[in-house]
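Undergrad: show me the folded form of this:
(2 chains)
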Amino acid sequence: MTSLLLRDVSVLARDGPLLAHANLEVQRGELVALLGPNGAGKTTLLRAALGLVPLGGGEVRVSGTALEALSQRKRAAELAWLPQQSAPSEPLPAREAVVAARYRFHETAAKSRHEAERALERVGLARFADAPLTTLSGGERQRVAIAGLLAQEARFLLLDEPANHLDPAQQAETYALLGSLVAEGVGMLCVTHDVNLLGHVVRSPRVVGLADGTLRFDLDYRADALPERLSELFGVRMLPLSVGAGRVIVPAPRGLEGEAR
Amino acid sequence: MTGRIVALVVLSLALTALSVLVGPPLDGAQGDFILWQLRVPRMLVGALVGGTLGLVGASFQTLFANPLASESTVGTTAGATLGALAALALELPGGFPVLFLCSCVGAALASLSVTLVAGSGRASMGDVLLAGITVTVATGALSVGLQYLSDSRALVAAARWSLGQLPQVGYDGVLILAPLVIPCWLVLLALGRALQTFAFGEELAESRGVHVPGLRRLVLGAGSLAVAACVAWCGPIAFVGLIVPHIVRRSVGPAQRRVLPLSLAAGSAFLVLCDALARSLSPGRELPVGVVTAALGAPGLVLLLFRARRSVPA
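TA: Prediction:
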């Protein structure tokens, strides 16, 4: 009852399915990473889960209710979305951008602003509350967008490459923040290209592989089979490397594909 | 920031009120009559119409995520114009009420066809804008056809009306327009919060809880009704809805909770001032206000766009 469930979901385009018979369940307090080559249908899967594209079959259920049966506001209480970043069209102050994410609440403007400022504080941007988005760097804008996610206070977060545009320190920080949200009970479905960032922030994320609109595998992050399955998924040799007590998975540099592990 | 907003509101109100003093000096009983029976009601009508055009322009620009959208680009003005022209060219009896009704029907039909496109599932805002432009072109052609068919007297009446002019005497306009446009203002102002979510695209707005087709219908419906009333009373008046929201955004930033009410205030002031100029520029013979708004608006807009182009970092 406390999950986001995609049951046999298909999304059709004119020349074939973008997503075919996808089955996926995300529990609250769980992080599911969605990996796959470009054009695999990762974004389509998120959009299908959000009810933003018409389904060619199957159904989406959140917390036990069919998505279609929920009003737009109720959907927003269940699901929040971080789309891939696009350039801001107008110099809206960061605070106003975050306030817009509180649309689902019936509350005073002062309360919205207060909550927006709290969210900005949590992503470390409190002093940029008045800064127009157009003056912020890509990394700062991404953190404003994440502040919007926080401000919406949804049960499930659907993120499309949240670490894009961020430098390594900011990536680690962002994933630490996302990890703390998961620990607080948020369910998270996260499109990413870098599986390693996830393993350090949540005890046992699941890793789901998607290629050509079809789900290929659904494994625990620490599963021994993961590097092999990722290699098949991307068509590149992925090597596991031991780092301290943990493991990272990296694509083998060209020329080293033949080297032993 | 608050200072700027207060300044803009005070400036708008002051200019609106002071506009009644523009023109020949007012002396004695005749002066009283001119002030209270001619200039004040005319100022009030100008404020109602200008405010409507400014507010509707600002709402449409946000709704369509397009800085060039306004009541004239989505077919509303063209529809209203066609309706009113039909009444004038066919010399329908009944005076203003009939003219007004025809204009409303025209605007409603044009807006309805655009709204149907807007409300139908997943039409992109680009599609809606294209529908608006198509409707504008089609109604324009019909208008020309009507004028071709009508006799010369009707043609003159139609041509005069289509220049855009605030009518002369008495409080009829205020009494007719206020109950039509003010409820529409309230609806549009109340939708500011929903419109703000559009700053990052319709899909994100939807994911944040906005019922997008419903919002489109409400904004287009309320905007069209208000514009139809204004067009019927004054004829089509160009550029107010386009340039006023741009000036407002440039002064106070793009936050909707400021842009919408200030576009209303600034639109009122702009049109009332243009009208004051229109009636006093050439003594004894007044210019249609539509000519003045276009004469000031067109170069103003070009200047704004030119400066915007230069301020964008390469």
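Undergrad: confidence score at residue 147?
TA: Since you didn't name a chain, this refers to chain A. Among the per-residue scores, A:A147 shows a pLDDT of 94.
Undergrad: wrong one, I was asking about chain B
TA: We have a pLDDT of 80 for B:Q147.
Undergrad: who's in contact with whichever strand or helix holds it?
TA: Secondary structure from DSSP states H and E places B:Q147 in helix B:125-149. With contact meaning C-beta atoms under 8 Å, 6 or more residues apart in numbering or on different chains, helix B:125-149 is reached by B:63-66, B:69, B:72-79, B:81-82, B:85-86, B:89-90, B:106, B:110, B:113-114, B:117-118, B:155, B:158-159, B:202, B:216. Where C-beta positions appear, they are placed from N, C-alpha and C, glycine not excepted.
Undergrad: now the next helix or strand after it: buried residues?
TA: Later in the chain than helix B:125-149, the nearest helix or strand by DSSP H and E is helix B:152-161. Across helix B:152-161, burial judged by 16 or more other C-beta atoms under 10 Å in any protein chain shown covers B:154-155, B:157-158, B:161.
Undergrad: go on, stretch A:147-163?
TA: Neighbour counts over stretch A:147-163 (16+ other C-beta under 10 Å) mark A:147-163 as buried.
Undergrad: those: which ones sit near chain B?
TA: The subset of the buried residues of stretch A:147-163 within reach of chain B, by C-beta under 8 Å from any C-beta of the partner chain, is A:Q152.
Undergrad: mind checking which of the buried residues of stretch A:147-163 are in helices?
TA: A:147-152 (DSSP state H).
Undergrad: could you export those residues as JSON lines, including distance to B:Q147?
TA: Formatted as JSON lines, those follow (distance: C-beta to C-beta, whole Å):
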{"residue": "A:A147", "distance to B:Q147": "57"}
{"residue": "A:G148", "distance to B:Q147": "52"}
{"residue": "A:L149", "distance to B:Q147": "56"}
{"residue": "A:L150", "distance to B:Q147": "59"}
{"residue": "A:A151", "distance to B:Q147": "55"}
{"residue": "A:Q152", "distance to B:Q147": "54"}
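Undergrad: nearest to A:Y103 among the residues you listed?
TA: The closest of those to A:Y103 turns out to be A:Q152 (C-beta to C-beta; 8.4 Å).
Undergrad: report the contact partners of that closest one.
TA: Contact analysis of A:Q152 by C-beta under 8 Å, 6+ apart lists A:76, A:80, A:101-102, A:104, B:208.
Undergrad: among those residues, who's most crowded?
TA: Most neighbours among the contacts of A:Q152, by other C-beta atoms under 10 Å in any protein chain shown: A:A101, with 30 neighbours.
Undergrad: per-residue confidence at that one?
TA: At A:A101, pLDDT is 94.
Undergrad: remind me which helix or strand whatever residue of chain B ends up closest to chain A belongs to.
TA: Residue nearest to chain A within chain B (C-beta to the nearest C-beta): B:G209, separated by 3.3 Å. Using DSSP H and E, B:G209 sits in no helix or strand.
Undergrad: spit out the contact partners of it.
TA: Neighbouring residues of B:G209 by C-beta under 8 Å, 6+ apart: A:72-73, A:75-77, A:103-104.
Undergrad: ok so, going back, list buried residues within the contacts of helix B:125-149.
TA: Neighbour counting by 16+ other C-beta under 10 Å classes B:63-66, B:69, B:72-79, B:81-82, B:85-86, B:89, B:106, B:110, B:113-114, B:117-118, B:155, B:158, B:202, B:216 among those as buried.
Undergrad: count the residues that sit near B:W36.
TA: As a burial measure, B:W36 scores 13 neighbours (other C-beta under 10 Å).
Undergrad: if you could redo that for B:T16, that was the one I meant.
TA: Residues lying near B:T16 (other C-beta under 10 Å) number 24.
Undergrad: wasn't it part of a strand?
TA: No. Counting by DSSP: H, G, I helix; E, B strand; the rest coil, one finds B:T16 to be helix, located in no strand.
Undergrad: any buried residues in the helix holding B:Q147, and which?
TA: Neighbour counts over helix B:125-149 (16+ other C-beta under 10 Å) mark B:125, B:128-129, B:131-132, B:135-136, B:138-139, B:143, B:146-147 as buried.
Undergrad: could you do stretch B:176-185 as well?
TA: Under the neighbour-count criterion of 16+ other C-beta under 10 Å, stretch B:176-185 has B:176-177, B:180-181, B:184-185 buried.
Undergrad: next one: stretch A:33-40
TA: Buried, per 16+ other C-beta under 10 Å, within stretch A:33-40: A:33-37, A:40.
Undergrad: what about those, which are in helices?
TA: Members of the buried residues of stretch A:33-40 lying in helices (criterion: DSSP H): none.
Undergrad: and which of the residues you listed is nearest to chain B?
TA: Among those, A:L34 lies closest to chain B (C-beta to the nearest C-beta), at 17.1 Å.
Undergrad: I'd assumed A:K42 was in contact with that closest one.
TA: Yes. In this structure, A:L34 is within contact of A:K42 by C-beta atoms under 8 Å, at 5.2 Å.
Undergrad: overlap of the contact sets of the two?
TA: With C-beta under 8 Å, 6+ apart as the test, A:L34 and A:K42 both reach A:191, A:210.
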